[in-house]
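# Turn this into a model:
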Amino acid sequence: MHLIIKNMVCPRCVTSVEEIFKKNKMPIKYVRLGEAELSEEPSKDQLQQLGEDLKQTGFEPLDDQKTQLVEQVKSLLIQKVQSGSVEEHFSVSKYLGEHIYKDYSAISRLFSEVEGITIEQFFILQKIEKTKELLVYNEESLSQIAFNLGYSSTQHLSNQFKKVTGMTPSQFKQLGMSHRKPINSVRP
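So this is what the prediction gives:
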């Protein structure tokens, strides 16, 4: 049985969800960001208990196919940004087409309907949040961040950063952590 789980955004989330499955004695094939595969079909009671336990930890199992598809798109894009290896001419539509075997225009329409923003806007917001994270922790220079997140130049990243946040990367860096959002709540 395949489950889509909302709000899984980091490796710690995977570990937390694995622990919930173990606590409920549910045999799992794998747990990845946004999804899990069970080796056996659980009973209705087991699924209900699992849902309650997931919700208590901030996760949510999804059973509506449209919502599942949107969460799958979000998980794939979050994973791509978190990997820190976005190519300069990265194509969101091509990437999603390689991972979700559905018409991109239909996925895009559904995503906009459910989330209120386009897939591309969501992707940009994720890249800006990753930039904030890297700036706060001084892990990389702005030019290295721009390169790793697929920007053609530091200036391109700086312009997009200012458009989204209202401040330059250096202004943000001076302010620190107070302007970061949890990855799963990023909105324009």
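
# So residue 140 sits against residue 133, correct?
No - with contact defined as C-beta atoms under 8 Å, residue 140 does not reach residue 133; the gap is 10.3 Å. The C-beta positions use only the backbone N, C-alpha and C, and glycine is treated the same way.

# Need the overlap of contacts for the two.
With contacts taken as C-beta atoms under 8 Å, 6 or more residues apart in numbering, not a single residue reaches both residue 140 and residue 133.

# Now the helix or strand of the chain with the lowest mean pLDDT: buried residues?
Lowest mean confidence among the helices and strands of the chain (mean pLDDT, DSSP states H and E): strand 60-62, at a mean of 79. Residues 61, 62 are the ones in strand 60-62 that count as buried (16 or more other C-beta atoms under 10 Å).

# any idea which helix or strand comes after it?
helix 65-83 (DSSP states H and E).

# what's the distance between that next one and the middle of its chain?
5 Å (C-alpha atoms, centre = their mean, to the nearest Å).

# residue boundaries of the helices in this structure?
With DSSP state H as the criterion, the chain has helices at 11-23, 44-56, 65-83, 92-99, 104-115, 119-136, 142-148, 154-165, 169-175.

# Show me the domain layout of this structure.
2-63, 67-185 (automatic domain parsing).

# Residue 156 and residue 147, how far apart?
Separation of residue 156 from residue 147 (C-beta to C-beta, to the nearest Å): 11 Å.

# Give me the more crowded residue out of the two.
residue 147 (19 against 13; other C-beta atoms under 10 Å).

# Can you tell me the closest non-neighbouring residue to the more buried one?
residue 88 (8.0 Å; C-beta to C-beta, 6 or more residues apart in numbering).

# from memory the one you found sits against residue 149, does it?
No - the criterion here is C-beta under 8 Å, and residue 88 misses it with residue 149 at 9.5 Å.

# out of the two, which sits in the more crowded spot?
Neighbour comparison, residue 88 and residue 149: the larger count goes to residue 149, with 25 against 12 (by other C-beta under 10 Å).
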